[in-house]
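Engineer: sequence first, then the predicted structure:
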Amino acid sequence: MDALPLSPDELRALMAGTLCERMGMELIALDADGGRMTMPVAGNTQPAGLLHGGATIALAETVASFAAIVLAREVHGEGAQAVGTHVSAVHHRSARSGTVTATGRAVHRGRRLATYQVEVADAEGTLLSTVMVSTMLLPPR
């Protein structure tokens with residue numbers, strides 16, 4: 001999972017002007033089996049100064065969706081897309097500073113649906129959240 005199967009230009013285009021860009025998400029590794037993304041805690045906190053649970057979920061859903069796009073293109077060809085259909089999260093603890101990393105892995109890879117488990121950890125590797133993300137794989141239109 002160290003290569004990026006989508007070109008840098010395609011990744012920039014996918015993230016330009018989106019929530020991903022506004023939240024400072026950065027894609028580190030990606031393939032159809034999963035991926036890894038980082039995000040700063042700063043700017044993504046709730047009023048108590050902790051990493052916002054919604055920001056954590058957005059990061060997890062993004063890495064799972066990117067992996068699902070790669071899978072969709074393997075299954076349905078160029079131009080295929082993927083969209084999230086269900087997300088559930090358990091927040092074990094939070095962070096106040098630094099960078100968090102979301103690491104996702106496929107737990108189901110079908111032709112129409114894929115499900116990923118994403119673990120979000122702080123810079124020390126402490127597990128912050130476990131997020132399950134289901135996606136629908138869409139053929140090109």
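Structural biologist: Everything's here; your move.
Engineer: for Gln81, which non-adjacent residue is closest in space?
Structural biologist: Among residues not flanking Gln81 along the chain, Leu138 sits closest, at 4.7 Å (Cβ to Cβ, 6 or more residues apart in numbering). Where C-beta positions appear, they are placed from N, C-alpha and C, glycine not excepted.
Engineer: backbone dihedrals for that neighbour, please?
Structural biologist: For Leu138, the backbone dihedrals are phi -110, psi 130 (criterion: degrees, to the nearest 10).
Engineer: measure it to Thr115 for me?
Structural biologist: Distance, Leu138 to Thr115, using Cβ to Cβ, to the nearest Å: 16 Å.
Engineer: Arg73 too?
Structural biologist: Between Arg73 and Thr115 the distance, using Cβ to Cβ, works out to 18 Å.
Engineer: before we move on, what about Val107?
Structural biologist: Per Cβ to Cβ, Val107 is found 5 Å from Thr115.
Engineer: geometric centre of this protein: which residue is closest?
Structural biologist: The C-alpha lying nearest the average C-alpha coordinate of the chain belongs to Val63 (Cα atoms, centre = their mean; 1.7 Å).
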